[in-house]
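1. what would the 3D arrangement of this be:
(2 chains)
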Protein chains: 2
Amino acid sequence: MSIQQPTFELRDEDELSLELIEAQYALKQSRDKKNAKSVLVLVSGIELAGKGEAVKQLREWLDPRYLRVKADAPQLLSNNQTFWQSYSRFIPAEGQIVVMFGNWYSDLLTTAMHVSKPLDENLLDAYVEQMRAFEHDLQNNHVHIVKVWFDLSWKSLQKRLDEIDASEQRWHKLHGLDWRNKKQYDTLQGLSQRFTDDWFIIDGEDGKLRDQSFAQYLLQTLQELPEHQTKVTQKWQQAAIPKALLEPAQASLEKEDYKDELRKLTKKVADTLRYDERKVVIAFEGMDAAGKGGAIKRIVKKLDPREYEIHTIAAPERYELRRPYLWRFWSKLTDSGKITIFDRTWYGRVLVERIEGFASTVEWQRAYSEINRFEENLVDSQTVLVKIWLAISKDEQALRFKAREQTPHKRFKITEEDWRNRDKWDDYLKAASDMFKRTDTDYAPWYVIATDDKYSARIEVLKAILKQLKAD
Amino acid sequence: MSIQQPTFELRDEDELSLELIEAQYALKQSRDKKNAKSVLVLVSGIELAGKGEAVKQLREWLDPRYLRVKADAPQLLSNNQTFWQSYSRFIPAEGQIVVMFGNWYSDLLTTAMHVSKPLDENLLDAYVEQMRAFEHDLQNNHVHIVKVWFDLSWKSLQKRLDEIDASEQRWHKLHGLDWRNKKQYDTLQGLSQRFTDDWFIIDGEDGKLRDQSFAQYLLQTLQELPEHQTKVTQKWQQAAIPKALLEPAQASLEKEDYKDELRKLTKKVADTLRYDERKVVIAFEGMDAAGKGGAIKRIVKKLDPREYEIHTIAAPERYELRRPYLWRFWSKLTDSGKITIFDRTWYGRVLVERIEGFASTVEWQRAYSEINRFEENLVDSQTVLVKIWLAISKDEQALRFKAREQTPHKRFKITEEDWRNRDKWDDYLKAASDMFKRTDTDYAPWYVIATDDKYSARIEVLKAILKQLKAD
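-> As a prediction, the model looks like this:
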């Protein structure tokens, strides 16, 4: 993981500025093109080492209109929010450069240095591993990551502290650490060495060289941005299609029995969801007309609409396409409350996007592990994830399509596109099979539910929720 | 303000559903077209009157994919956040319908009913007036507002409280009010009468009629959405061009004096900004090459980039165009910290958008009062707004344009568009003059600063900030 530390020498400032601007414009103009990228610069380091100065200088050399600087005060990592949650909205879009002072590493350091509850080193290492995995996924989704650590010796730090005035001191103090405390300084240096081996380290001693090193390192990065990976290296192992998809017919339920059981289960589901301390995300996928809407209706039957939010996922908008494909789900989850239901999900990447070619082969093949990591982060953050695939037979789908076409107020549910998707029935079965094989995890298993009999399907959905919430 | 209360009768559900879906699709298809609208439904009322049920039923009759329901827990109105701030992100885009349970009125009621610090009635009335003004602006910007109050008699409320089970009761209790308390019920009814005269009131007694009244009222609204106003009713009174714009030349400052004063002032500005308890928004407008970038650089000279955020405003993106033109500024202000600098601003509406015809005559003429209200809300919410116009003479601009073209690392600052804007010099002067006349308010005055002499201009900018912060 460790990177070779480049060294830089002072250059003519105007020339440097010109090259930076040219590189910045090249990035900007890549937008919507083949190798479009964005650049996310994570900046951390010792207080007063000059990261603020270096970013300010960069802003003057670059075209400041296309450089966004985000600086949120560091916050403690919490066990009910993923480390990326509060930053995800500011992940740059293609063509953009964002500098983040406040970032998951500054949160990690703040947490690790917390006076009353310092983080144990194993936990810190585990976090670092997760963060790197997240960044790896960002990189693959065209967000290039640059990590720069500004270092400063104890002696210089003390000297600078002597020299700054009251107003500045006051502001720096807001960052919470006591930089006069040698022990704390040493602890921080020790901790930082556990994750900065893949960072570019800048010595804050000499201001001019510091600013130029930072700018030149960014310039070098911009000039050497890798092309998107397009080559598939491994032969794809198509999963066998499980019987549950090929023959989804199931025992039918009598209307009377259904009604009784439905009454009991809707109540139990509502109570369970209400009393559970965790957030719950219920994710629906399945063929058209398999009954997602009807299932959702029964889940929320005994809930008030203020208790849940339902997201219906359609094709992404242009501004969403300029970011990692999971981005729009990150932001929906950030805004959401206790119970969130997705009518179609992030699995679109390995279903419709795979089949229609909206995602390249490399992209959809990579998506399984990206999705697994995403879901693992959620589950680790006090979220229960219930993933449900509604399976229907091809004959039953045809019957429902026709019934919809004949019912005026249901006609909106059926479009030309549904018939086109039906033509790709086998492709969807294959894609779904691969999806089950690769994303049916301990922490977020799939529930495949046959729906040719609507009554029993709805009951099974409710049972699946209870099961995943360990309330069955 | 009071509206006529329509009455509805029970209709065939399938027919109603069909008409709702058709109206919803018509709305959706209006997107990007001439009379595109969005609909924002504000729902409030007595607990257990059935607003939740009615929204759930609506969701079943409509195409749920295009109906978003937002329900944030009510929060106390605070004196350092505008009442619309936390909701602004969820203002629907053209073609969308959003139902908001949690909204500025529920916050107002919660605040008014606050046990230890109930809101005085005059203040409540003042809030209602502001909220209506905000809604009026939303309407004009194509967000149609529907306000529905669900009512329930004391007797029925008590009966329903007797009947609900523990789990539901627990959830309803989270809303904070004690619905068993007659005095509190009466107070709430009294308060609600101070603002619901322009709401549609639904009696929650009969569930079926309640749900249908709600749905039919929305249907009626959707079917009768007004066309955009395009007719200009009054003759426009063009303001005279002030001398400060026609002859912006000013006494020049010697480099030595400039340096001394700059040192003192940048320090004082930094300290003042830091110590002020309020948020500060600094807004720059002015002709191209008037020195906005240089002025900003001096403002932040003694600040750390973590203390401020700079937004450079370019043309809006498509998803931004689908919302009120102020929307993108609302969201930037919601995310922003203590000090926010805008390089170009919401005044684009009455400058470039007016001149280039991106805003219709009705739209830009209306914008002055919309902007004034927006700024007043900000200033009332513990924000200082410093508005600065940098004035330059036409000759000086030409010199700077040419200098930029001849300096490689400054060439990016000058484009074909800048030359085209220069051809419209007189239009910009006129637009700026109208802007000063109509938006130079007590709470947010304009500072017009001549910039032909760069040194004195930068000093004047710093002084203007100190003046507006009452620190000069």
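
2. from now on I want contacts and neighbour counts done on CA atoms only, so please keep to that.
-> OK.

3. tell me the phi and psi of residue A:385?
-> Dihedral pair for residue A:385: phi -110, psi 120, per degrees, to the nearest 10.

4. that one: neighbouring residues, count only.
-> Residues near residue A:385, counting by other C-alpha atoms under 10 Å in any protein chain shown, number 23.

5. again, but for residue A:395
-> Going by other C-alpha under 10 Å, the residues that sit close to residue A:395 add up to 9.

6. go through the helix or strand it falls within and flag the buried ones.
-> Using DSSP states H and E, residue A:395 maps to helix A:394-406. Neighbour-count burial for helix A:394-406, counted by 16 or more other C-alpha atoms under 10 Å in any protein chain shown, picks out A:396-397, A:400-401, A:404.

7. so how far is residue A:312 from the closest residue to chain B within the stretch 301-450 of chain A?
-> Going by C-alpha to the nearest C-alpha, chain B is nearest to residue A:409 of the stretch 301-450 of chain A, at 4.3 Å. Per C-alpha to C-alpha, to the nearest Å, residue A:409 is found 19 Å from residue A:312.

8. what about the two, which has more around it?
-> Applying other C-alpha under 10 Å to residue A:409 and residue A:312 shows that residue A:409 carries more neighbours, namely 22 against 16.

9. nearest residue to that one in space, please, no chain neighbours.
-> Closest residue to residue A:409 apart from its sequence neighbours, by C-alpha to C-alpha, 6 or more residues apart in numbering or on different chains: residue B:18 at 4.3 Å.

10. one step back: which ones are touching the residue of the stretch 301-450 of chain A closest to chain B?
-> The neighbourhood of residue A:409, defined by C-alpha atoms under 8 Å, 6 or more residues apart in numbering or on different chains, consists of B:14-15, B:17-18, B:21.

11. show me which residues of chain A are close to chain B?
-> Residues of chain A lying near chain B by C-alpha under 8 Å from any C-alpha of the partner chain: A:14-15, A:17-18, A:21, A:52-53, A:55-56, A:60, A:63-66, A:68-72, A:101, A:167, A:171, A:271, A:274, A:297, A:304-307, A:309-312, A:319, A:408-410, A:412.

12. restricted to helices, list the residues you listed.
-> Here DSSP state H is the test, and the residues of chain A next to chain B give A:14-15, A:17-18, A:21, A:52-53, A:55-56, A:60, A:167, A:171, A:271, A:274, A:297, A:319 as lying in helices.

13. got the CA coordinates for the worst-scoring helix or strand of chain A on mean pLDDT in CSV?
-> Lowest by mean pLDDT, DSSP states H and E among the helices and strands of chain A is helix A:166-173, with a mean of 76. Extracted C-alpha coordinates of helix A:166-173, given in CSV (Å, rounded to 0.1, in the frame of the first residue of the first chain):
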residue,chain,number,x,y,z
ALA,A,166,-5.2,35.3,20.1
SER,A,167,-7.9,35.3,17.4
GLU,A,168,-6.2,32.6,15.4
GLN,A,169,-5.4,30.6,18.5
ARG,A,170,-9.0,30.7,19.4
TRP,A,171,-10.0,29.3,16.1
HIS,A,172,-7.4,26.6,16.1
LYS,A,173,-8.5,25.6,19.6
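
14. contacts made by it with the rest, please.
-> With C-alpha under 8 Å, 6+ apart as the test, helix A:166-173 has contacts from A:47, A:161, B:271, B:274.

15. any chance of these in a markdown table, with distance to residue B:354 too?
-> Output for these, formatted as a markdown table (distance: C-alpha to C-alpha, whole Å):
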| residue | distance to residue B:354 |
| --- | --- |
| A:47 | 47 |
| A:161 | 52 |
| B:271 | 38 |
| B:274 | 37 |
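
16. quick one on the thing from earlier: buried subset of the residues of chain A next to chain B?
-> Buried members of the residues of chain A next to chain B, counted by 16+ other C-alpha under 10 Å: A:17-18, A:21, A:52-53, A:55-56, A:63-64, A:66, A:68-72, A:101, A:167, A:271, A:274, A:297, A:304-307, A:309-312, A:409-410, A:412.

17. follow-up on the earlier one: from the contacts of residue A:409, which is closest to chain A?
-> For those, the nearest to chain A is residue B:18 (4.3 Å; C-alpha to the nearest C-alpha).

18. surely the closest one touches residue A:413?
-> No. Under the criterion of C-alpha atoms under 8 Å, residue B:18 is not in contact with residue A:413, lying 11.6 Å apart.

19. grab the nearest non-local neighbour of residue A:304.
-> Residue A:304's closest residue in space is residue B:52 (C-alpha to C-alpha, 6+ apart), at 5.3 Å.

20. now do residue A:65
-> Excluding the flanking residues, the one nearest residue A:65 by C-alpha to C-alpha, 6+ apart is residue B:312, at 5.3 Å.

21. ok, that neighbour touching residue B:346?
-> No. The pair residue B:312 / residue B:346 is not scored as a contact, 11.2 Å apart, by C-alpha under 8 Å.

22. helices of the stretch 201-350 of chain A, start to end?
-> All helices of the stretch 201-350 of chain A, identified by DSSP state H, counting those that start in this stretch, fall at A:207-223, A:243-246, A:255-275, A:292-299, A:318-321, A:327-335.

23. so which of the ones you listed gets nearest residue A:445?
-> Closest of the helices of the stretch 201-350 of chain A to residue A:445 is helix A:243-246, at 15.1 Å (criterion: C-alpha to C-alpha).

24. quick one: the nearest residue to residue A:104 once chain neighbours are set aside from chain B, how far?
-> Once flanking residues are discounted, residue A:104 sits nearest to residue A:83: 6.0 Å by C-alpha to C-alpha, 6+ apart. Separation of residue A:83 from chain B (C-alpha to the nearest C-alpha, to the nearest Å): 18 Å.

25. for residue A:458, same thing?
-> 16 Å.

26. show me what contacts the residue nearest to residue A:409?
-> Contact analysis of residue B:18 by C-alpha under 8 Å, 6+ apart lists A:408-410, B:61.

27. adding pLDDT, write those residues out as TSV.
-> Below are these laid out as TSV (pLDDT from 0 to 100):
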residue	pLDDT
A:408	88
A:409	85
A:410	86
B:61	94
